[in-house]
Structure formats: structure tokens, C-alpha cells
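Undergrad: here's a sequence, model it:
(one chain, ligands or ions: 3)
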Amino acid sequence: MSILIKGAKILGEQPADVLIEDGVITSLDGGTADRTIDADGLVLLPGLVDLHTHLREPGREDAETVETGSRAAAAGGFTAVLAMANTNPVTDTAEAAEYVYDLGRRAGLVDVQPVGAVTKNLAGEGLAELGLMARSRAQVRVFSDDGRCVHDARLMRRALEYIRSFGGVISQHSQDPRLADGQACCHEGEVSGRLGLPGWPVVAEEVIVARDVMLARHTGSRVHVAHVSTAGSLDVIRWAKKQGIEVTAEVTPHHLMLTTDLLAGYDPVFKVNPPLRPDEHVAALREALADGTIDAVATDHAPHARHDKEHAFAEAAFGMLGLEQALQVVNTTMVATGAMTWAQVADVMSVNPARIAGLSDHGRPIAVGEPANLTLIDPAATVTVDADASYSLSRNNPWGGRELTGQVHTTLLRGVPTFEFENQPQEATA
Ligand SMILES: NC(=O)N[C@@H](CC(=O)O)C(=O)O
Ligand SMILES: [Zn+2]
Ligand SMILES: [Zn+2]
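TA: Ligands and ions are numbered 1, 2, ... in the order given. Have a look, this model is predicted:
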């Protein structure tokens with residue numbers, strides 16, 4: 001099959017006629033194809049890569065499956081996602097990693113790359129089969145106990161030493177469990193005081209970020225800060241990068257746009273870990289994304305069934321959807337405001353995440369001979385998000401009712417359309 005994408009602006013810059021044959025880009029200068037997509041006014045990016053997705057299979061197929069999450073990812077412009085290990089059973093063995101990998105290939109909508117747990121059953125006590133997962137068919141390179149922090153410094157050190165031999169990275173959910181106790185459910189500050197909700201302090205994140213960059217320096221190994229959310233963490237990461245320490249960081253779409261004030265209605269859709277922060281942190285995160293202190297945007301797509309989410313705020317599960325709106329939120333907060341170019345968006349949503357995760361077929365230049373993993377975007381479309389129109393099995397969408405700018409037009413995985421906007425008229429209202 002061949003497709004011609006006619007007149008798309010590559011990385012928002014020069015228009016070109018991109019020819020794709022048998023899954024590979026074969027020309028930037030037109031040619032004959034079975035099918036032509038009129039892409040006048042559209043922007044072409046390398047397919048997006050999400051470093052942080054919760055797919056819930058195995059174990060919680062009522063909240064999401066590999067297939068439904070993959071469909072949501074393709075609709076959001078993604079061609080690869082890293083599937084977090086906090087499933088049931090946990091992805092802590094080579095077999096478990098291969099199982100998730102195979103489910104992803106069978107769904108065939110995005111490349112699903114399993115994340116391996118750092119510790120057995122995420123219990124924080126003994127290391128999981130890191131080497132066997134790395135050598136498995138799934139070739140795991142990213143390890144994380146996400147949902148929990150690897151809080152034992154000795155275990156973190158050993159894990160970092162171990163994964164260095166095969167170029168692995170630990171994605172840390174940075175949260176000191178003693179500073180963030182079991183009752184806490186939001187950011188500790190003026191709003192939590194006013195609403196009478198127990199919060200936890202920003203320093204619970206920052207002390208772990210600081211400790212981990214020192215462990216990265218000590219071991220010469222790579223640490224990745226998952227869902228960074230505080231200005232103080234950014235100070236530490238800036239300092240560490242200046243020292244040449246191997247640290248990278250991701251920010252979520254929700255931490256780029258949503259603030260603590262939203263908790264005033266006690267709506268659990270806004271309950272997430274790390275919690276929504278006040279304006280000054282949001283501003284610091286945007287600045288750090290634009291200046292390269294933060295390497296990537298990652299969704300932390302965290303689907304939850306209604307019976308886990310629809311409770312009083314204090315009891316509801318932490319987490320919100322992200323895959324389908326991520327690009328729109330980045331466009332609205334960063335591109336439409338002039339803070340970033342599309343070329344920078346390609347870096348933070350494709351090139352850098354692919355590099356961090358070691359995915360060699362993704363985050364590639366849009367050039368002849370490269371695999372056609374591509375995302376075509378209408379940057380000017382305005383969309384009112386309909387929380388009920390989602391490919392996810394869950395409905396904990398914090399963007400419902402909001403007007404966002406931009407719409408994914410087509411997603412291609414190795415030259416095959418995995419999402420096409422024209423075929424999904426119920427998805428959005430222009
Ligand atoms: N982000 C969340 O609030 N929840 C995540 C876990 C996590 O990312 O820590 C989940 O698995 O539901
Ligand atoms: Zn987390
Ligand atoms: Zn997560």
C-alpha cells in the first residue's frame with residue numbers, strides 16, 4: 001500500500017509531499033500513490049511516544065485493556081507507548097513482559113513496550129528479574145515501580161548499578177513515603193487548608209529527586225524523573241544536568257494546565273498523584289519544558305473504573321486519562337502561546353522519549369528511508385472535549401467540557417493508518 005501526504009508542513013516548517021510505500025518514507029517530493037491525503041495547512045510530526053501509560057491489562061480489564069488503551073493512544077497521535085508495570089500480576093518477570101509485549105503486537109495499533117518493575121511485586125524489598133526482562137523478547141530497558149517510589153536508597157543503588165550494563169534507565173515515582181502519609185490526597189498548601197483535605201508537601205518529591213541524582217552520579221547510571229511536578233525538583237534537575245549527571249525528566253499534560261483550585265468542587269476526577277499544583281509550579285514546569293530542563297511530555301494515562309473513582313475525594317483512586325488530549329494540551333499551553341515550536345514538540349513528544357526508552361524505530365527524522373511512524377495534525381482546529389466520546393474504557397477525563405486547540409488528523413504506524421479523524425465524526429465538535 002502507498003499513501004501520499006500532500007502539502008503537510010514537516011515539523012511545522014516547509015510543506016512537502018511525503019510518499020510512503022510499504023511502511024517506509026520513499027520521497028519528500030511527491031509521486032504516485034494508491035491514496036492521497038490532502039494535508040494543506042496540516043503539520044506532520046514523527047509519531048508520538050508516551051513514556052508513561054497505564055494499560056491495566058492483565059488484571060483490571062474493566063478499566064482498560066491493551067487494545068482499548070492502544071486505540072486511545074493512536075487517536076492521540078501516538079505510535080508507541082511504554083506500559084507501566086503496576087498491573088496484576090505485576091510486570092516483574094521476562095514472561096510477564098513478553099505477555100504484555102505480545103498483547104500489544106496483536107492489537108497492532110501502537111508499539112506497546114513493557115516497563116519492568118524495579119522490585120518484585122512492587123514491594124520495595126528485593127530486585128525483580130531486571131536482567132532476564134532486558135534479555136527477553138520484549139527487550140525491556142525502562143524499569144519503574146510507578147505508583148510507588150523505590151524509597152530504599154540501597155536497593156535503588158543496586159538497581160542502578162545492575163541496569164547500567166545494558167543501558168537501562170529507572171523511571172522513578174519520586175515521593176518519600178514518610179513525608180506523604182496514607183491519608184494525604186492533594187497538594188499541601190493554602191487550598192488544602194481551606195478545603196479541609198489532608199495534603200502532602202512538595203518536599204516529599206524534591207528529596208527523592210535530589211537523592212536520585214546523587215545516586216545517578218555515584219553509579220554513572222541513568223535516572224528518569226517520572227511526572228515531575230514542583231519548581232524545587234526543577235532546580236535540582238537543572239543543577240544535575242549542569243554537572244553532566246545522567247538525569248532526564250517528564251511532565252504530564254495535566255501538570256502543564258490544571259491547578260489546585262480545581263479541587264474546590266471536590267470532584268475526584270482531579271485527584272491525581274503527584275497532585276495538581278498552584279500556578280507558580282505550573283509556570284515553572286512550562287518554562288522548564290521550553291528550555292529543555294524537562295526532556296519529555298508523558299501522559300501518565302491512568303484509567304480507573306467508575307467504582308474506584310466515584311467516591312468522596314479522600315477515598316477515590318488517584319489518576320486521570322491523558323492519551324487522547326495530550327497533544328491538544330501541549331498545543332494549547334505551549335505552541336499556541338508561542339512558548340514552543342512544532343520542532344520542539346517533536347523533540348519532547350517523540351524524539352527524546354524514544355531515545356530515553358531506547359526505541360530505535362520511533363522518534364526518527366522525517367526523511368527518505370525512515371519508517372513511516374507519523375502523526376498528522378490540524379493545528380488550528382478548536383475542539384470541545386466530550387468526556388463520553390473516548391476510546392478508553394474509563395471516563396475519568398479531566399478535560400471534559402474544555403476547549404482545546406488542535407486535532408490529530410491521521411496517525412500512521414509503519415505506513416498503516418491507525419487513526420483517521422474523518423472516520424470519527426463523533427469524536428469532537430469543531
Ligand atoms: N498517577 C496516578 O495518580 N495514578 C497512577 C499511578 C502513578 O502514576 O503513580 C495509577 O496507576 O493509577
Ligand atoms: Zn507515579
Ligand atoms: Zn503513572
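Undergrad: could you tell me which residues of this protein lie near ligand 3?
TA: Listed as neighbours of ligand 3 in the chain under the rule CB under 5 Å from the ion: 146, 300. Placement of C-beta: from N, CA and C, glycine included.
Undergrad: centroid-nearest residue for the chain?
TA: The chain has Ala298 as the residue nearest its centroid, 2.3 Å off, counting by CA atoms, centre = their mean.
Undergrad: check whether that one really touches Ile356, as I assumed.
TA: No. Using CB atoms under 8 Å, Ala298 is not in contact with Ile356, being 9.5 Å away.
Undergrad: shared neighbours, the two?
TA: Leu51 (CB atoms under 8 Å, 6 or more residues apart in numbering).
Undergrad: that older thread, now do the contacts for the residue nearest to the centre of the chain.
TA: 50-52, 226-227, 250-252, 353.
Undergrad: any idea how far it lies from Ser350?
TA: Per CB to CB, to the nearest Å, Ala298 is found 12 Å from Ser350.
Undergrad: before we move on, what about Val81?
TA: Distance from Val81 to Ser350, by CB to CB: 12 Å.
Undergrad: up against ligand 1, what does the stretch 51-200 of the chain have?
TA: Residues of the stretch 51-200 of the chain lying close to ligand 1 by CB under 6 Å from any ligand atom are 54, 86, 146-147, 173.
Undergrad: what is the neighbour count of the closest residue to ligand 3 within the stretch 201-350 of the chain?
TA: Using CB to the ion, the closest approach of the stretch 201-350 of the chain to ligand 3 is made by Asp300 at 4.4 Å. For Asp300, the tally of surrounding residues (other CB atoms under 10 Å) stands at 29.
Undergrad: so it sits against Leu82, correct?
TA: No. With contact defined as CB under 8 Å, Asp300 does not reach Leu82; the gap is 10.9 Å.
Undergrad: now do the shared contacts for the two.
TA: Common neighbours of Asp300 and Leu82, counting by CB under 8 Å, 6+ apart, are 52-53.
Undergrad: who wins for most neighbours among the residues of the stretch 51-200 of the chain next to ligand 1?
TA: Per-residue neighbour counts (other CB under 10 Å) across those peak at His54, which has 28 neighbours.
Undergrad: Leu11: neighbour count?
TA: 19.
Undergrad: ligand 3 versus that one, what's the distance?
TA: Distance, Leu11 to ligand 3, by CB to the ion, to the nearest Å: 29 Å.
Undergrad: so what's that residue closest to, chain neighbours aside?
TA: Leaving aside its chain neighbours, Leu11 sits nearest to Ala343 (4.4 Å; criterion: CB to CB, 6 or more residues apart in numbering).
Undergrad: over to Val169?
TA: Arg222 (4.1 Å).
Undergrad: the one you found against Phe166, yeah?
TA: No. Using CB under 8 Å, Arg222 is not in contact with Phe166, being 11.3 Å away.
Undergrad: who's more crowded, these two?
TA: Counted by other CB under 10 Å, Arg222 and Phe166 do not tie: Arg222 has more neighbours, with 21 against 15.
Undergrad: against ligand 2, how distant is Tyr266?
TA: Remark: distance between Tyr266 and ligand 2 (CB to the ion) = 22 Å.
Undergrad: okay, that residue: pLDDT?
TA: On the pLDDT scale, Tyr266 is placed at 98.
Undergrad: isn't it up against Glu310?
TA: No. Using CB under 8 Å, Tyr266 is not in contact with Glu310, being 12.0 Å away.
Undergrad: residues touching whichever residue of the stretch 101-250 of the chain sits closest to ligand 2, list them.
TA: Relative to ligand 2, the nearest point of the stretch 101-250 of the chain is His173 (3.6 Å; CB to the ion). Contacts for His173 (CB under 8 Å, 6+ apart) come out as 144-149, 226-227, 273.
Undergrad: repeat that for 7 Å
TA: Contacts for His173 (CB atoms under 7 Å, 6 or more residues apart in numbering) come out as 144-149, 226.
Undergrad: excluding its backbone neighbours, what's nearest the residue of the stretch 101-250 of the chain found nearest ligand 1?
TA: Residue of the stretch 101-250 of the chain nearest ligand 1, by CB to the nearest ligand atom: Gly147 (4.0 Å). Closest residue to Gly147 apart from its sequence neighbours, by CB to CB, 6+ apart: Asn86 at 4.2 Å.
Undergrad: looking at this, the one you found is in a strand?
TA: No. Assessed by DSSP: H, G, I helix; E, B strand; the rest coil, Asn86 does not belong to a strand; its assignment is coil.
Undergrad: doesn't Ser144 make contact with it?
TA: No. Contact criterion CB atoms under 7 Å: Asn86 and Ser144 do not qualify, at 8.5 Å.
Undergrad: what do these two both touch?
TA: Common neighbours of Asn86 and Ser144, counting by CB under 7 Å, 6+ apart, are absent.
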